[in-house]
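**Student:** quick one, what's the 3D model for this:
(one chain, ligands or ions: 1)
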Amino acid sequence: MKNSDAPAVEGYIHSVETFGAVDGPGLRYIVFVQGCPLRCIYCHNPDSWKMSDGKKTTSAEVVKDIEEYYAFIRHGGVTVSGGEPLMQPEFTADIFRRCKELGLHTALDTSGSAEYHTALKVLKYTDLVLLDIKAFDPELYTAVTGAAKDKGKLLLELCEKLAIKVWIRHVVLPGYTADKTHIESLAEYLSGFSCIEKTEPIAFHKMGEYKWKNSGKDYKLYDTAPPDEAVMDGIREIFRSKGLKL
Ligand code: SF4
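**Tutor:** Prediction:
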């Protein structure tokens with residue numbers, strides 16, 4: 001049975017972007033799925049948290065739309081982002097499976113919030129993982145995400161074992177993850193993985209602030225400014241000094 005003959009899987013999406021250029025190599029179709037188990041204090045998409053707020057669709061419908069853009073993305077690919085794609089593992093896996101059948105490159109943009117066996121279902125059809133490492137220190141991880149256990153590092157270990165390429169993202173948040181000692185520990189840890197192709201320190205920004213304000217959610221960062229360029233340069237230098245590519 002060809003993959004496309006398999007029954008479609010239902011899922012919830014937040015939105016799509018048809019010409020994405022930053023979430024993976026080349027020009028990409030990005031599917032933002034709905035639902036996230038984390039509650040990051042800097043989240044710029046808090047409207048993606050609740051699964052039931054999303055649009056119900058199927059993997060076949062999503063890939064039918066992707067096919068409309070095939071000529072533009074055939075040298076780039078498809079990225080499933082979120083929310084958290086691993087919260088809908090069957091849906092995400094089936095989108096990727098259908099994309100692979102079309103010969104398209106697949107990238108999973110995730111914080112790794114899933115158990116091994118769940119992640120495996122999706123990784124089977126994944127060419128590249130864009131892994132958002134929230135924090136190196138477990139207490140800091142909880143302060144930033146509200147979650148008790150960091151599963152992102154487990155996903156990184158799994159990618160190393162399966163030889164799946166990884167791009168690391170890390171949001172630099174003053175007062176939390178911008179601390180030099182923390183960044184040094186993180187860089188040291190990451191330097192032990194040969195699956196990591198690239199690292200991207202990302203400066204915290206205020207673009208999602210209005211969504212917190214509009215929803216009445218408790219936002220803790222109204223008085224926190226984005227890190228300045230000197231801080232970001234210092235962080236990039238630490239990453240480079242540990243042999244990590246940017
Ligand atoms: S993992 Fe992403 S979508 Fe989920 S709360 Fe954090 S920043 Fe928001």
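**Student:** show me what the helix or strand bottoming out on mean pLDDT in the chain is in contact with.
**Tutor:** Every helix and strand of the chain was ranked by mean pLDDT, DSSP states H and E. The lowest is helix 209-215, at a mean of 92. By Cβ atoms under 8 Å, 6 or more residues apart in numbering, the residues outside helix 209-215 that reach it are His44, Asn45, Pro46, Asp47, Tyr219, Leu221, Tyr222. The C-beta positions use only the backbone N, C-alpha and C, and glycine is treated the same way.
**Student:** using PyMOL, define a selection of the buried residues within those residues.
**Tutor:** Those of those that count as buried under 16 or more other Cβ atoms under 10 Å are selected in PyMOL with:
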select buried, resi 44+45+46+47+219+221
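**Student:** from the contacts of helix 209-215, which is closest to Ala163?
**Tutor:** Distance ranking of the contacts of helix 209-215 against Ala163, using Cβ to Cβ, places Asn45 first at 30.9 Å.
**Student:** hmm, the closest one is touching Gly83, no?
**Tutor:** Yes - between Asn45 and Gly83 there is a contact under Cβ atoms under 8 Å: 7.3 Å.
**Student:** quick one: buried residues of the least confident helix or strand of the chain?
**Tutor:** Buried residues in helix 209-215, counted by 16+ other Cβ under 10 Å: Lys211, Trp212.
**Student:** alpha carbons of it, as PDB, please.
**Tutor:** Output in PDB follows, covering the C-alpha atoms of helix 209-215 (Å, rounded to 0.1, in the frame of the first residue of the first chain):
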ATOM      1  CA  GLU A 209       3.100  40.900  23.900                       C
ATOM      2  CA  TYR A 210      -0.200  42.300  22.500                       C
ATOM      3  CA  LYS A 211      -1.600  38.700  22.400                       C
ATOM      4  CA  TRP A 212      -1.000  38.400  26.100                       C
ATOM      5  CA  LYS A 213      -2.500  41.700  26.800                       C
ATOM      6  CA  ASN A 214      -5.600  41.000  24.600                       C
ATOM      7  CA  SER A 215      -6.200  37.500  26.200                       C
END
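**Student:** so what's the backbone phi/psi at Ala147?
**Tutor:** In terms of degrees, to the nearest 10, the main-chain angles of Ala147 are phi -100, psi 150.
**Student:** just give me the neighbour total for it.
**Tutor:** Neighbour count of Ala147, defined by other Cβ atoms under 10 Å: 16.
**Student:** start to end distance for stretch 218-236?
**Tutor:** 31 Å (Cα to Cα, to the nearest Å).
**Student:** is there any residue in it that contacts the ligand?
**Tutor:** No - Stretch 218-236 lies out of reach of the ligand by Cβ under 6 Å from any ligand atom, never closer than 12.4 Å.
**Student:** contacts for that stretch, please.
**Tutor:** Residues outside stretch 218-236 that contact it (Cβ under 8 Å, 6+ apart) are 41-42, 172-175, 178, 180, 183, 201, 203-206, 209, 212-213, 246.
**Student:** repeat that for stretch 54-67.
**Tutor:** 4, 8-14, 16, 29, 31, 33-35, 48, 73, 78, 83, 91, 94-95, 98-99, 102, 104.
**Student:** what do you get for stretch 131-147?
**Tutor:** Contacts for stretch 131-147 (Cβ under 8 Å, 6+ apart): 37-42, 109-113, 148, 150, 152-153, 155-156, 159, 166-171, 173, 176-177, 182, 185-186, 189-190.
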